[in-house]
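S.K.: Need coordinates for the following:
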Amino acid sequence: MESTAIPGKSSWTGLLGCLGIGLLVIAAIVTVVILVKRHHEKKNGQMNDQWLAPWTKAIASGSPGDAWDKLTTEGYRKANNKDAYIANYEEVSAKFGPLVSAEILKSTGTKQPGREAFQTVHVRSYWGEKKTQINIIIELVQGPDGTYRQDGGYTATSGIHDNPGLSGKLPKGPW
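M.R.: Have a look, this model is predicted:
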């Protein structure tokens, strides 16, 4: 039998086409990564400006009641007694010194059945002259006006693992 092979186009054309498509795919992936990163930076910036900075100021100045009044949701206030909230921060300040600084480590959008969407925000805080690190997980919701307010909060077990000396020393009150 005779071969009836049809001569194809130059292999360079096929190679350049594959490389071009590959570059387009890589460019698309890089663009998506950049857009997602910018979105997270913007969201974290909003949470920092609307919640973390005023919270840090209120707690550091010894006015946790102001944070409870202005930076929490109605649902949080119904679930957590104001006096217990204030006592929790007063106990932490008495043990470790006043809040020195705080930063958002990461945030994750979360949706659970029967609950509005919220952000689980991991906050690293430093207390007193020794700058004792306490990691706190705060749940923030975005209200109808677009501002973030605390809707839940608790100490993170990872904070205790990061600083084993805190085990058993942190108050059990609302954060």
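S.K.: Could I get the phi/psi values of F96?
M.R.: phi -120, psi -10 (degrees, to the nearest 10).
S.K.: what bits of the protein have low per-residue confidence?
M.R.: 1-12, 155-165, 167 (pLDDT under 70).
S.K.: Output the longest helix belonging to it.
M.R.: What stands out as the longest helix in the chain, according to DSSP state H, is helix 11-47.
S.K.: Report the buried residues of that helix.
M.R.: K43, N44, Q46, M47 (16 or more other C-beta atoms under 10 Å). The C-beta positions use only the backbone N, C-alpha and C, and glycine is treated the same way.
S.K.: what's next to the helix or strand following that helix, contact-wise?
M.R.: The C-terminal neighbour of helix 11-47 among helices and strands, as given by DSSP states H and E, is helix 53-60. With contacts defined as C-beta atoms under 8 Å, 6 or more residues apart in numbering, helix 53-60 is touched by 64, 66-67, 70-71, 89, 98-102, 125, 150.
S.K.: tell me the contacts of Y76?
M.R.: R149, Q150, D151, G152.
S.K.: give me that answer again for 7 Å
M.R.: Y76 is in contact with Q150, D151, G152, counting by C-beta atoms under 7 Å, 6 or more residues apart in numbering.
S.K.: Can you give me the distance of the residue nearest the centre of the chain to M47?
M.R.: Centroid check for the chain by C-alpha atoms, centre = their mean gives S107 as the closest residue, at 2.1 Å. Per C-beta to C-beta, to the nearest Å, S107 is found 6 Å from M47.
S.K.: what residues are shared contacts of these two?
M.R.: With C-beta under 7 Å, 6+ apart, S107 and M47 have common neighbours Q119, V121.
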